[in-house]
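S.K.: Return atomic coordinates for the entry below.
(2 chains)
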There are 2 protein chains.
Amino acid sequence: MSPPRAAVVSIGDELVLGQTLDRHGAWISDRLLSVGLETVEHRTVADDGHAIAAAFRELRDRAALVVATGGLGPTKDDLTREALAAATGDRLVEDAAARQAIEAWFASRGRTMPASNLSQARRPFLASVLANGHGTAPGLRVRCGDGWIVCLPGPPREMQPMFEREVLPLAAELATAAPVRTLVVHSFGEGESRLAERIAELMDRDRDPSVGTTASAGGVSARLRTRGGAEAVDRLERAAREIESRWAPYVFGRGEATLAMAVGELLVEQGLTLSVAESCTAGMLGEMIVSASGASRYFAGGWQVYSNELKHALLGVPQEMLAEHGAVSAAVAEVLAREAATRSGTTCALSITGIAGPGGGTPTKPVGTVFVGCFDRRRGGSTRRFLIPGDREVVRDRSARLALMMLRLRLMDLDETPLLWEVRP
Amino acid sequence: MSPPRAAVVSIGDELVLGQTLDRHGAWISDRLLSVGLETVEHRTVADDGHAIAAAFRELRDRAALVVATGGLGPTKDDLTREALAAATGDRLVEDAAARQAIEAWFASRGRTMPASNLSQARRPFLASVLANGHGTAPGLRVRCGDGWIVCLPGPPREMQPMFEREVLPLAAELATAAPVRTLVVHSFGEGESRLAERIAELMDRDRDPSVGTTASAGGVSARLRTRGGAEAVDRLERAAREIESRWAPYVFGRGEATLAMAVGELLVEQGLTLSVAESCTAGMLGEMIVSASGASRYFAGGWQVYSNELKHALLGVPQEMLAEHGAVSAAVAEVLAREAATRSGTTCALSITGIAGPGGGTPTKPVGTVFVGCFDRRRGGSTRRFLIPGDREVVRDRSARLALMMLRLRLMDLDETPLLWEVRP
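M.R.: Numbering: from 1, shown residues only, chains lettered A, B, ... in the order given. Coordinates of the predicted model:
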């Protein structure tokens, strides 16, 4: 028999119609996982009694614990109570304690209870009422065969405390499996399919820890998951190290780590400082660098040389060079990086000049063409040319990350490592 | 018979386990609604062939159009193709055109196709392949009884164009209800409850168009919604103008408009140019400005004067001023803005200096204290002091937007308009 699982139901017209983003599903699943209960399905349905009841009936066969949010308010749209009664073949009765609690809630605010709120005191005969310390909607919990259905109010500040108090202990009791442990390894600069190939057998579906990859603008991450006590932590650590070694040098950190943090740590370790000269990114690289707390230890600042006039006036790029090679060129990227370091007095500097689009592309330099310059006092300057896919926003974001990765490789003495989207001469 | 509906399936372990928030469900439902097709259910399932196939089988009975995202990648986790074949009782075959397209995608990037990507060329025999202009995963579409199942790749920049091209026209054909029309009005610089008060009766639940407000880091927006043909468009337009007049001068645009675009338009109209000097934001303001396409017409660039040394060395802030007033002061903000304009030769300049946190706060200048300087050649310089709530990231983002709003008010000759979070002397 497979271990007990959970399912989550989010109820509300505005959610299913896409007018409001449901965040409860992910929040609840993440909390359940922390006590060892995996969610097998989220379902979002409208304020429709039949749809809610159908969700309860179908999901209780798939999950030992069904957690629903929403539809417990006092209006005609709020149909979760009725649907729970229908799904469990029960009838609704008034709960005396719940009625008292609602009346007390209004009384304590100097108001009399509107008649509509009476409906909130009703429960399926076999269900228990869960007290709400932050609003008028009580929760509901009912035993259903071997499992449970729990209904929570929709507003987060009512739902979350009730979940922690009433649902999490129940989930921990139901979970026969040990707590789930997860670990995420982040990389940047190599493509997802190539990275997946390097760890192919670790990604086999029957492996423990399980390993999956996800790609985003920020790179490719491996997500590891296993269950158990201290030995599971060791297992996770060993697998993470294996991936880190196979993905080196593109790996830059785990969990909450960012590429900017990783570069910052290397700079601090090596006692170096950094400045930037940004053309098409116009500040995105600097912003990414200072998003790491403590950046003032190594980051001085820099220049947003968006116009050609400022490239010349502020960082001394020769007019003839701009005329001959164009602002988007290796020659200009090299001068920008060197002059940024020289004029700001830092040991290292990064520069970016490129065509983010949508306009500005030419046959020899299409949209997405970006030159990154990297300078440090010890080794001098170098540049790389990239052809980056994506829209204006994505090209700029990836340019900034490629610049950080270029500096990281240099600080690791791995300057020759190829990078994704690079155009080698 | 009830009108045709849609259902949305999001596929991925990381989604169902709550490690990543699913945004596709809401985005797709919102787009479907725009052509009159309502979504009846979202379902999120794991990378599990049986669960995906069960979702397809159950939802095709409830919906004329089932749209799924994810699970079309090249790895062993990607099981959507197999599940679609299983749910429709079909077998997988290799699609010659899809294989060619994937090979061409790699070839155009100077790479050879990894063997694992071959799996992406497979489709259920009766399904059509949908071309992917932005990645290697083709989509799939299959007729299923009276309805359709469409599978799209997970990455948003691949999914969204494919959705617009392949799914939206199909949805419009299936929809029998009048299209839903929405319009969004954006504001920045005033609080949500005050703005809601100004349009209270327009927000009554039985009004048509319906009006709701949402607050985000980017400001407060009013979302208007109605159904129908040309007369509905007029109704929406009249209501939007009413809100724009009641929210003036905090309104800056509709729909896809950004504050940076609105400021850019004013600069172009008035023939002005702009530079920046950024301390705590370190480039975020410049980046926000150039996120508006065409920014090169008015934006020259600027300085990221993160360290005090660079404030002095690059923009001439006197050492004594830094010592006496501190880098986070009105005096420094004023010098930074004036010197940025002078040294870059622009007519206008903005400066930001503040304490974004988490460290660095003092009793007189707590975390969130930010000074913004605004200079233009005609009217000279002015500064405003703010106390901005939020974490490091949010404080910086709001600082940059407040700077843009300050310039916008000045360009509209409304310099005296109070702004949210402002600390008046």
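S.K.: So whichever strand or helix holds A:Arg246, near chain B or not?
M.R.: Of the helices and strands defined by DSSP states H and E, A:Arg246 is found in helix A:230-247. No - on the criterion Cβ under 8 Å from any Cβ of the partner chain, helix A:230-247 is out of touch with chain B, staying 13.9 Å away. For every residue, glycine as well, the C-beta is placed using N, CA and C.
S.K.: which other helices and strands contact that helix?
M.R.: Packed against helix A:230-247 by the contact rule (3 or more Cβ pairs under 8 Å, 6 or more residues apart in numbering or on different chains; DSSP states H and E) you find strand A:180-187, helix A:192-198, strand A:219-227, strand A:251-254.
S.K.: now these as CSV including mean pLDDT and distance to A:Leu118?
M.R.: Formatted as CSV, the helices and strands packed on helix A:230-247 follow (pLDDT from 0 to 100; distance: least, Cβ to Cβ, whole Å):
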stretch, mean pLDDT, distance to A:Leu118
strand A:180-187, 91, 42
helix A:192-198, 93, 56
strand A:219-227, 91, 46
strand A:251-254, 97, 52
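S.K.: Any idea which of those gets closest to chain B?
M.R.: helix A:192-198 (4.8 Å; Cβ to the nearest Cβ).
S.K.: what helices or strands is that closest one leaning on?
M.R.: Taking 3+ Cβ pairs under 8 Å, 6+ apart as contact, the helices and strands that helix A:192-198 lies on are strand A:210-216, strand A:219-227, helix A:230-247.
S.K.: Determine which stretch of those is the most buried.
M.R.: Highest mean neighbour count of those: strand A:219-227, a mean of 22 (counted as mean count of other Cβ atoms under 10 Å in any protein chain shown).
S.K.: Also compute the angle for that one relative to strand A:180-187, please.
M.R.: With axes from the mean of the first three to the mean of the last three Cα atoms, to 10 degrees as the basis, strand A:219-227 and strand A:180-187 are set at 160 degrees to each other.
S.K.: what helix or strand does A:Thr342 sit in?
M.R.: Under DSSP H and E, the secondary-structure element containing A:Thr342 is helix A:330-344.
S.K.: helices or strands next to that helix in the packing?
M.R.: Taking 3+ Cβ pairs under 8 Å, 6+ apart as the contact definition, the neighbouring helices and strands of helix A:330-344 are strand A:274-278, strand A:299-304, helix A:308-315, helix A:319-325, strand A:348-354, strand A:369-376, strand A:380-387, helix B:308-315.
S.K.: in it, what's buried?
M.R.: For helix A:330-344, the neighbour count (16 or more other Cβ atoms under 10 Å in any protein chain shown) marks A:330-341, A:343-344 as buried.
S.K.: Compute the inter-axis angle for that helix and strand A:274-278.
M.R.: Interaxial angle, helix A:330-344 versus strand A:274-278 (the same axes, to 10 degrees): 140 degrees.
S.K.: Could you check how many residues crowd around the closest residue to chain B within the stretch 151-300 of chain A?
M.R.: At 2.5 Å from chain B, A:Gly283 is the closest residue in the stretch 151-300 of chain A, using Cβ to the nearest Cβ. The local packing count at A:Gly283 equals 32, with neighbours defined by other Cβ atoms under 10 Å in any protein chain shown.
S.K.: Got phi/psi on it?
M.R.: Recorded main-chain torsions at A:Gly283 are phi 130, psi -10, according to degrees, to the nearest 10.
S.K.: For the helix holding A:Thr342, report the contacting residues that lie outside it.
M.R.: Judged by Cβ atoms under 8 Å, 6 or more residues apart in numbering or on different chains, the contacts made with helix A:330-344 from elsewhere in the structure are A:275-277, A:279, A:300-303, A:305, A:311, A:315-318, A:321-322, A:325-326, A:346-353, A:371-377, A:381-383, A:385, B:310, B:313-314.
S.K.: 7 Å - rerun?
M.R.: Contacts with helix A:330-344, where a contact means Cβ atoms under 7 Å, 6 or more residues apart in numbering or on different chains, come from A:275-277, A:300-303, A:305, A:311, A:315-317, A:321-322, A:325, A:347-351, A:353, A:371-375, A:377, A:381, A:383, A:385, B:310.
S.K.: Pull out the buried residues from the longest helix along chain A.
M.R.: Ranked by number of residues, the top helix in chain A under DSSP state H is helix A:392-411. With burial defined by 16+ other Cβ under 10 Å, the residues of helix A:392-411 counted as buried are A:392, A:394-411.
S.K.: Also near chain B: which of the residues you listed, exactly?
M.R.: Residues of the buried residues of helix A:392-411 in contact with chain B (Cβ under 7 Å from any Cβ of the partner chain): A:Arg392, A:Val394.
S.K.: picking that back up, format the buried residues of helix A:330-344 as JSON lines; extra columns: pLDDT.
M.R.: Shown next, in JSON lines, are the buried residues of helix A:330-344 (pLDDT from 0 to 100):
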{"residue": "A:Ala330", "pLDDT": "98"}
{"residue": "A:Ala331", "pLDDT": "98"}
{"residue": "A:Val332", "pLDDT": "98"}
{"residue": "A:Ala333", "pLDDT": "98"}
{"residue": "A:Glu334", "pLDDT": "98"}
{"residue": "A:Val335", "pLDDT": "98"}
{"residue": "A:Leu336", "pLDDT": "98"}
{"residue": "A:Ala337", "pLDDT": "98"}
{"residue": "A:Arg338", "pLDDT": "98"}
{"residue": "A:Glu339", "pLDDT": "98"}
{"residue": "A:Ala340", "pLDDT": "98"}
{"residue": "A:Ala341", "pLDDT": "98"}
{"residue": "A:Arg343", "pLDDT": "97"}
{"residue": "A:Ser344", "pLDDT": "97"}
